[in-house]
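Visitor: Sequence and predicted structure below; questions after.
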2 protein chains.
Amino acid sequence: MAEYAHSLIDADPDRPPSEVVLEDVCAAADRLEGVAHRTPVMTNSHLDALTGAGRVYLKCENMQRVGAFKFRGAYNALSRLSDEAKKNGVLTFSSGNHAQAVALAGKLLGIYTVIVMPTDAPEIKKRATRGYQGEGGELVEYDRETISRESLGAELAAERGLTIVPPYDHPDVIAGQGTIALELLEEVGEIDRLYVCVGGGGQASGCGIVCKGLLGDRVEVIGVEPEAADDATWSFETRTLHSVHNPPTIADGARTPSLGRWTFPLLLRHVDRMMTVSDGELVEAMRLVMGRMKMVVEPTGVLALSGLLRDARERADEIAGQKIGVVVSGGNIDLGRLGELIGGSDG
Amino acid sequence: MAEYAHSLIDADPDRPPSEVVLEDVCAAADRLEGVAHRTPVMTNSHLDALTGAGRVYLKCENMQRVGAFKFRGAYNALSRLSDEAKKNGVLTFSSGNHAQAVALAGKLLGIYTVIVMPTDAPEIKKRATRGYQGEGGELVEYDRETISRESLGAELAAERGLTIVPPYDHPDVIAGQGTIALELLEEVGEIDRLYVCVGGGGQASGCGIVCKGLLGDRVEVIGVEPEAADDATWSFETRTLHSVHNPPTIADGARTPSLGRWTFPLLLRHVDRMMTVSDGELVEAMRLVMGRMKMVVEPTGVLALSGLLRDARERADEIAGQKIGVVVSGGNIDLGRLGELIGGSDG
């Protein structure tokens, strides 16, 4: 993640990396008040029975603005920019939920947004991003065979004075994502464990800070990533940062190559355990959420739930009777693709 | 609906048909308190922009217990039975949401339930119904080529002293469904119009009673049914009860042959307008709800929303700036079937 080091937005050079604290999350919550949706917390008696938990609370970020938790971090980061940086505008490269999150946050805050996306990104993602931007931004397409997005992004940013907004490895992004856990605990009180998804580690870091800050060792925080993209689990276990490139998993939001300069140490400190699940388990969890709870979820969105379901089989004794939080992180999926994944007989 | 006349549960013979009033709905709400889910009311800025409404409020009964509003009416009706009737048990014939609603209500109230379903009903519906019943009920299958469900049901009911619970044409069922509108108005305050779906008319009657009882002519209540099953619209316009048999529509919950002895006069009195929508419009509305609001809905579940979307095109002036309620009535659909309906490119 060294390529972000020179362009971190608004980072305080006197504060050492990995110092994001509960107060930062509380301040982010104030900024997001009335702007981000306070997403519903859902329970389901079938899910309780299936897992043997006392009660499972799903924090439904698929119902967040832009359909994913990413809006929290993007809005918090953009609202923290200096007046001058706001006037100059921001840039990000993403073809995922972060792009839409930055586009909408920019529109709401009156900040011009430049989103760099490969020419072959799905039409629906380009349209959604352009839809959020309106007149207040532009989409820059590039050929991923011939140009690196990092060099194009850096060039554009330097040329036009744009601030680069990274998708996870930034203290304000991490603090924004932490508000998920803050809202969950405010609503349901103390919990025994929380399952979060891990791509770049922004959600896990932010939620871990909140859980450990408020409940200490009384809560266990568990990070879940796809089997084929197990760089974070490997990094966590060896305490050495590893990366993985273009991992073949349907959880496209967790295909990030590695944890970051900020998120790796935060994860080591605030997450108790890392685990992986297979693509097949993700599809099963999607079918469960769609069939029983009537919610649309993307594969990355059910990583945390899949982790709980695996633990319910392998660690039933630990889970029995517990109050368990699970973050459902997003619901953005092409409906044709969704039909392919969850189709087939239920009978 | 004359076949129900002799077996209406707990109907007071001294009260004339069509007399279900606001107080009945309030009493139902007390019975459902803490038992039915208080379903979320969702808003979506894209939907507001698309319709030109001031704000559209979706009352999400797809997130009700058993995945549909039917639980409200079934539970209210069963809880109103005499002690003796409760001891003897109940019977219903349905292969839809009403069957699951009666099964779960019976289980919660300790009332034995007999559900009569054709042998060729989908395996998933049989399993779901049996799952809710547990030891407290049974599924009776019949060959629909050789036996009529009415005669089989009447025979079983007489033989075993079971009370028949009709799916819509009963005052306690109607009062239960009215709690949808009661909760909506409690949550969002006064609205300018409400869209409801019409199959047998239970939801429309109950919600109409509440809207007119609380807001009078300040609210317009609009009933929506499938084009291919337009018996209620036809009956409404001619003020004469008409029926339709096995109408070919994907909205299987609205394939009921006609309004009932109770619901027809209630609908005439409390609904301002009836309209129809095509199956294609239902699929479009499903894609909108799934893509933008991340909720799973069945075709019947978006009848009301499809009505609003049609009106937004044809009566834009009326709708502009209004506060509009829409009941999303259910989300029970085989995921394979869902994949077929909503699949295909979004691009």
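Guide: Everything's here; your move.
Visitor: drop to CA atoms for contacts and neighbour counts, all remaining ones
Guide: OK.
Visitor: Which helix runs longest in chain A?
Guide: helix A:171-188 (DSSP state H).
Visitor: average pLDDT for that helix?
Guide: The average pLDDT within helix A:171-188 is 98.
Visitor: Tell me which residue is most central in chain A.
Guide: For chain A, residue A:203 is the residue whose C-alpha lies nearest the centre (Cα atoms, centre = their mean; 4.9 Å).
Visitor: Alongside chain B, which residues does the stretch 201-347 of chain A contribute?
Guide: A:287, A:290-297, A:331-340, A:342-347 (Cα under 8 Å from any Cα of the partner chain).
Visitor: Buried subset of the residues you listed as a ChimeraX selection?
Guide: Filtering these down to the buried ones (16 or more other Cα atoms under 10 Å in any protein chain shown) takes a single ChimeraX command:
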select /A:287,290,291,292,293,294,295,296,297,331,332,333,334,335,336,337,338,339,342,343
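Visitor: Spatially nearest residue to residue A:176, not counting backbone neighbours?
Guide: residue A:73 (4.0 Å; Cα to Cα, 6 or more residues apart in numbering or on different chains).
Visitor: pretty sure the one you found contacts residue A:169?
Guide: No: look at residue A:73 against residue A:169 with Cα atoms under 8 Å: they stay out of range, at 10.4 Å.
Visitor: who has more neighbours, those two?
Guide: In this view residue A:73 and residue A:169 are compared by other Cα atoms under 10 Å in any protein chain shown, and residue A:73 has more residues nearby, 33 against 24.
Visitor: confidence score at the residue nearest to the centre of chain A?
Guide: If you check residue A:203, the pLDDT there is 98.
Visitor: Can you list the neighbours in contact with the host helix or strand of it?
Guide: Taking DSSP states H and E as the criterion, residue A:203 maps to helix A:202-215. With Cα atoms under 8 Å, 6 or more residues apart in numbering or on different chains as the test, helix A:202-215 has contacts from A:20-22, A:25, A:168-169, A:173-182, A:190, A:196-198, A:219, A:221, A:223, A:263, A:266-267, A:270-271.
Visitor: where are the low-confidence patches of the stretch 201-347 of chain A?
Guide: A:344-347 (pLDDT under 70).
Visitor: again, only using 50
Guide: Scanning the stretch 201-347 of chain A for pLDDT under 50 picks out A:345-347.
Visitor: which residues of it fall in helices?
Guide: A:202-215, A:231-238, A:263-270, A:279-293, A:303-314, A:316-319, A:335-342 (DSSP state H, counting those that start in this stretch).
Visitor: And the second one, how far out from the chain middle?
Guide: I take that to be helix A:231-238. Relative to its parent chain, helix A:231-238 has a centroid offset of 18 Å by Cα atoms, centre = their mean, to the nearest Å.
Visitor: Which positions within it qualify as buried?
Guide: In helix A:231-238, counting by 16+ other Cα under 10 Å, buried: A:231-236.
Visitor: Repeat that for the fifth one.
Guide: Along helix A:303-314, these residues count as buried under the neighbour rule (16+ other Cα under 10 Å): A:303-312.
Visitor: looking at it, residue A:42 is touching residue A:57, isn't it?
Guide: Yes: using Cα under 8 Å, residue A:42 is in contact with residue A:57, at 5.8 Å.
Visitor: More neighbours: which of these two?
Guide: More neighbours surround residue A:57 than the other of residue A:42 and residue A:57, with 22 against 14 (other Cα under 10 Å).
Visitor: in a strand, that's where that one is, yeah?
Guide: Yes: using DSSP: H, G, I helix; E, B strand; the rest coil, the assignment for residue A:57 is a strand.
Visitor: what's the distance between it and residue B:42?
Guide: 19 Å (Cα to Cα, to the nearest Å).
Visitor: Compute the first-to-last residue distance for stretch A:232-246.
Guide: 14 Å.
Visitor: close to chain B, is stretch A:94-113?
Guide: No: applying Cα under 8 Å from any Cα, one finds stretch A:94-113 separated from chain B by no less than 12.2 Å.
Visitor: Just the buried positions in that stretch, please.
Guide: Those buried within stretch A:94-113 under the rule 16+ other Cα under 10 Å are A:94-107, A:111-113.
Visitor: if you look at these, which of them are in helices?
Guide: Among the buried residues of stretch A:94-113, DSSP H puts A:97-107 in helices.
Visitor: Just give me the closest of these to chain B.
Guide: Within these, the smallest distance to chain B is 12.2 Å, found for residue A:104 (Cα to the nearest Cα).
Visitor: Need phi/psi at the residue nearest to that closest one when sequence neighbours are not counted.
Guide: In space, and not counting its chain neighbours, residue A:104 is closest to residue A:132: 5.1 Å by Cα to Cα, 6+ apart. Dihedral pair for residue A:132: phi -70, psi -40, per degrees, to the nearest 10.
Visitor: from the middle of its chain, how far away would the helix holding residue A:203 be?
Guide: In terms of Cα atoms, centre = their mean, the centre of helix A:202-215 is set 13 Å apart from its chain centre.
Visitor: do the same with stretch A:161-176
Guide: For stretch A:161-176, the distance to the chain centre is 12 Å (Cα atoms, centre = their mean).
Visitor: thought residue A:323 was touching residue A:193?
Guide: Yes: using Cα under 8 Å, residue A:323 is in contact with residue A:193, at 7.0 Å.
Visitor: Do me a favour and get the end-to-end distance for stretch A:222-232?
Guide: End-to-end distance for stretch A:222-232, by Cα to Cα: 12 Å.
Visitor: Enumerate the positions of it that are buried.
Guide: The neighbour-count check on stretch A:222-232 (16+ other Cα under 10 Å) flags A:222-232 as buried.
Visitor: ok, for residue A:311, nearest residue in space, not its chain neighbours?
Guide: Closest residue to residue A:311 apart from its sequence neighbours, by Cα to Cα, 6+ apart: residue A:319 at 7.8 Å.
Visitor: show me the contacts for that neighbour.
Guide: A:51-53, A:311-312.
Visitor: do the same with residue A:144
Guide: A:118-119.
Visitor: what does the model give it for pLDDT?
Guide: At residue A:144, pLDDT is 79.
Visitor: For it, give its distance to residue A:95.
Guide: Separation of residue A:144 from residue A:95 (Cα to Cα) stands at 12 Å.
Visitor: Check residue A:61 too.
Guide: For residue A:61 relative to residue A:95 (Cα to Cα), the value is 19 Å.
Visitor: repeat for residue A:292
Guide: In terms of Cα to Cα, residue A:292 sits 30 Å off from residue A:95.
Visitor: tell me the contacts of the nearest residue to residue A:173 once chain neighbours are set aside?
Guide: Ranked by Cα to Cα, 6+ apart and with sequence neighbours excluded, the top spatial neighbour of residue A:173 is residue A:73, at 3.9 Å. By Cα under 8 Å, 6+ apart, the contact list for residue A:73 reads A:168, A:172-177.
Visitor: Ok, residue A:91 next?
Guide: For residue A:91, counting by Cα under 8 Å, 6+ apart, the contacting residues are A:113-116, A:153, A:157, A:162-165.
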